[in-house]
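Participant: Quick one, what's the 3D model for this:
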Amino acid sequence: MFNWLKTKRRERALASYAIPDEQWLRALHELSFLDHYEPALVERLRELATLFLVEKSITSGAEEGEHALEVTPHMRIIIAIQACVLLLGKRGTVAEAIEDFANFENVIVYPGDFPQSYDFEDEFGVVHKLDEPVAGESWQGGPVLLSWPSIDAGYVESGMSLVIHEFAHKLDMLNGDIDGIPPMPAEHIEAYRAAISDAFEDFCIHVDANENTAIDPYAAEAIDEFFAVTCEVFFEEPELLRLEYPDYFERLKHYFGIDSLQGQLLEDA
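Facilitator: The predicted structure is shown next:
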């Protein structure tokens, strides 16, 4: 009964809160990686983004002071589109697809990088607290934190698609393990695990050798970061990922149900 009611509520939201044409087209104009996507997929993305905006609170992390940030409707749409592209190839209705983002409510947007605090223990057993600036963070079961300048710069300028990166972490967290292996049908897991493990190992070899890599070297930090970074590349620069790691690229195609090179659904996903 609860799922039926949730589905009906989402269907009503689609009818009542559609993103206005002018705002939608303005946002698409800024997200050129979607230019070659089939019209039916773009329309599905619009519906997913609509539900995202209805169900998520996207607020400012700095509402007062010298560096206060006002989160505008345009900013919210830009964030919603890039988050929902990760769900675009999921089978079923959009009301069912958006369920992958059901376990959190808030997206907090900051006027710049923000401090991330963590503790670590050195070789002598002394615990240190460090604060370092980060552009984004995803909390398991909690909010997604984003730096607006990093989003606004875009992938072409910055080499980073922050929203895709942080929401890829959200998908990775769905099965409880943050290991670069999001939930998928059991028959696909071993092939996917082998592909990402081989790609990650090879990538780390190049980074450890101080080679210049076409993919952001941050991906060598851990396999979950490799997953999040390569999700960015899968959507923003798919030909690069296909050339670098063709087997892993194919596994991501099957996971997302999208051929990001062709901008269309993967028929046999």
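
Participant: And the helices in the stretch 51-200 of the chain, which stretches?
Facilitator: 73-84, 94-97, 148-158, 162-172, 186-208 (DSSP state H, counting those that start in this stretch).

Participant: Tell me the helices and strands packed up against the first one.
Facilitator: If contacts are counted by 3 or more C-beta pairs under 8 Å, 6 or more residues apart in numbering; DSSP states H and E, helix 73-84 sits against helix 21-30, helix 39-55, strand 57-60, strand 106-110, helix 148-158, helix 162-172. From N, CA and C alone the C-beta is placed, and that goes for glycine too.

Participant: Comparing those, which comes out most buried?
Facilitator: helix 162-172 (a mean of 24; mean count of other C-beta atoms under 10 Å).

Participant: Could you export the helices and strands packed on helix 73-84 to JSON lines, including columns for distance to V233?
Facilitator: Putting those into JSON lines (distance: least, C-beta to C-beta, whole Å) gives the following:
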{"stretch": "helix 21-30", "distance to V233": "19"}
{"stretch": "helix 39-55", "distance to V233": "19"}
{"stretch": "strand 57-60", "distance to V233": "25"}
{"stretch": "strand 106-110", "distance to V233": "23"}
{"stretch": "helix 148-158", "distance to V233": "9"}
{"stretch": "helix 162-172", "distance to V233": "9"}
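
Participant: what residue lies at the spatial centre of the chain?
Facilitator: Nearest residue to the geometric centre of the chain (C-alpha atoms, centre = their mean): I164, 2.5 Å.

Participant: What sits closest to that one if chain neighbours are left out?
Facilitator: Spatial nearest neighbour of I164, excluding adjacent residues (C-beta to C-beta, 6 or more residues apart in numbering): E232 at 4.9 Å.

Participant: do you know how far that neighbour is from H165?
Facilitator: Using C-beta to C-beta, to the nearest Å, E232 is found at 5 Å from H165.

Participant: cool, and Y248?
Facilitator: Distance from Y248 to H165, by C-beta to C-beta: 17 Å.

Participant: got it, and E43?
Facilitator: Taking C-beta to C-beta, one finds E43 at 25 Å from H165.

Participant: With R9 instead?
Facilitator: For R9, the distance to H165 equals 30 Å [C-beta to C-beta].

Participant: Ok, T50 next?
Facilitator: Distance from T50 to H165, by C-beta to C-beta: 23 Å.

Participant: Kindly report the domain assignment for the protein.
Facilitator: For the chain, automatic domain parsing gives the domain ranges 1-164, 179-269.

Participant: Packed most tightly, which of the ones you listed would that be?
Facilitator: Taking mean count of other C-beta under 10 Å, domain 179-269 is the most buried of the domains of the chain, at a mean of 17.

Participant: Now that domain: average pLDDT?
Facilitator: For domain 179-269, the mean pLDDT works out to 96.

Participant: what distance separates that domain from the middle of the whole chain?
Facilitator: 13 Å (C-alpha atoms, centre = their mean, to the nearest Å).

Participant: which residues does P115 form a beta bridge with?
Facilitator: P133 (DSSP bridges).

Participant: Go ahead and confirm it touches L145.
Facilitator: No. Taking contacts as C-beta atoms under 8 Å, P115 lies outside contact range of L145: 10.8 Å.

Participant: on that earlier part again, quick one, which of the helices of the stretch 51-200 of the chain gets closest to F104.
Facilitator: Relative to F104, the nearest member of these by C-beta to C-beta is helix 162-172, separated by 7.2 Å.

Participant: What is the closest one packed up against?
Facilitator: Partner elements for helix 162-172 (3+ C-beta pairs under 8 Å, 6+ apart): helix 73-84, strand 136-138, strand 144-147, helix 148-158, helix 223-236.

Participant: Which residue is the nearest non-sequential neighbour of Y192?
Facilitator: Y192 sits nearest to R251 (C-beta to C-beta, 6+ apart), 4.6 Å away.

Participant: before we move on, which element is that neighbour in?
Facilitator: helix 246-256 (DSSP states H and E).

Participant: Report the angle between that helix and helix 162-172.
Facilitator: Here helix 246-256 points in a direction 80 degrees away from that of helix 162-172 (axes from the mean of the first three to the mean of the last three C-alpha atoms, to 10 degrees).
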